[in-house]
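1. all I have is the shape, not the residue letters:
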């Protein structure tokens, strides 16, 4: 009785924190996962990702959101480094050895990696990184600092675990978020943002 379709059609489940810290169960059908991949692919393409890119996804422990990036990368046909250790030394070694052009990570891990690069006196321009895509928005100062630390463009993501994270919206070059209006209805009701899924 938790879903709007029979449980046999739900092929993936995960939980996120709901109201008052209670776990909220989220289910995905096969169509939901296909749509998720397409929406994340839009974000990747808006970030300049192509089939020629190598993407290093680093959430330190395999956060559920990394699955969305893997689905999106498959749609774009970009290569993905699937290992996701939390250890900064290993991540920096992968940046040097595998030569990814795109790093997808959290703001905290990005900050730690940038500090590690500086502490090791590595030239960030010696890395092949072109884009750093953060899982959450950061302020302008943090974005500027990370861009300098990686010598790469920094873009942000915004999503909600209850709906899609990533995949809810895309950040444009002007650093503004645009909701996928063919997938979500965004309204303000009584001063509160209300998002309705149209295709899930």
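-> Yes, it's here. These numbers come from a predicted model, not from an experiment.

2. what does the helix or strand bottoming out on mean pLDDT in the chain contact?
-> Across the helices and strands of the chain, the lowest-confidence element by mean pLDDT, DSSP states H and E is strand 10-17, at a mean of 87. Strand 10-17 has contacts (CB atoms under 8 Å, 6 or more residues apart in numbering) with 3, 23-30, 33, 64, 161-162. Where C-beta positions appear, they are placed from N, C-alpha and C, glycine not excepted.

3. could I have the buried ones of those as ChimeraX selection syntax?
-> Only the buried entries of those go into this ChimeraX selection, using 16 or more other CB atoms under 10 Å:
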select :26,27,28,29
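
4. now render the contacts of strand 10-17 as JSON lines, adding pLDDT.
-> Converted to JSON lines, the contacts of strand 10-17 look like this (pLDDT from 0 to 100):
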{"residue": "3", "pLDDT": "87"}
{"residue": "23", "pLDDT": "87"}
{"residue": "24", "pLDDT": "86"}
{"residue": "25", "pLDDT": "88"}
{"residue": "26", "pLDDT": "88"}
{"residue": "27", "pLDDT": "90"}
{"residue": "28", "pLDDT": "92"}
{"residue": "29", "pLDDT": "94"}
{"residue": "30", "pLDDT": "95"}
{"residue": "33", "pLDDT": "94"}
{"residue": "64", "pLDDT": "65"}
{"residue": "161", "pLDDT": "81"}
{"residue": "162", "pLDDT": "82"}
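
5. now, the contacts of strand 10-17 that are in strands?
-> Among these, the residues falling in strands (DSSP state E) are 23, 24, 25, 26, 27, 28, 29.

6. separation between the last one and residue 9?
-> If I follow you right, that is residue 29. From residue 29 across to residue 9, the span is 5 Å (CB to CB, to the nearest Å).

7. overlap in contacts, these two.
-> Common neighbours of residue 29 and residue 9 (CB under 8 Å, 6+ apart) do not exist.

8. now do the least confident helix or strand of the chain against strand 23-29: the angle between them, please.
-> Strand 10-17 and strand 23-29 are oriented at 160 degrees to each other (axes from the mean of the first three to the mean of the last three CA atoms, to 10 degrees).

9. residue ranges of the strands in this protein, please?
-> Counting by DSSP E, the strands of the chain are 10-17, 23-29, 54-58, 79-81, 102-105, 131-134, 153-156, 169-171, 177-179, 184-189, 192-197.

10. now stretch 179-197: buried residues?
-> 180, 183, 184, 195.

11. the first one - nearest residue in space that isn't next to it in sequence?
-> What sits nearest to residue 180 in space, not counting adjacent residues and going by CB to CB, 6 or more residues apart in numbering, is residue 39, at 5.7 Å.
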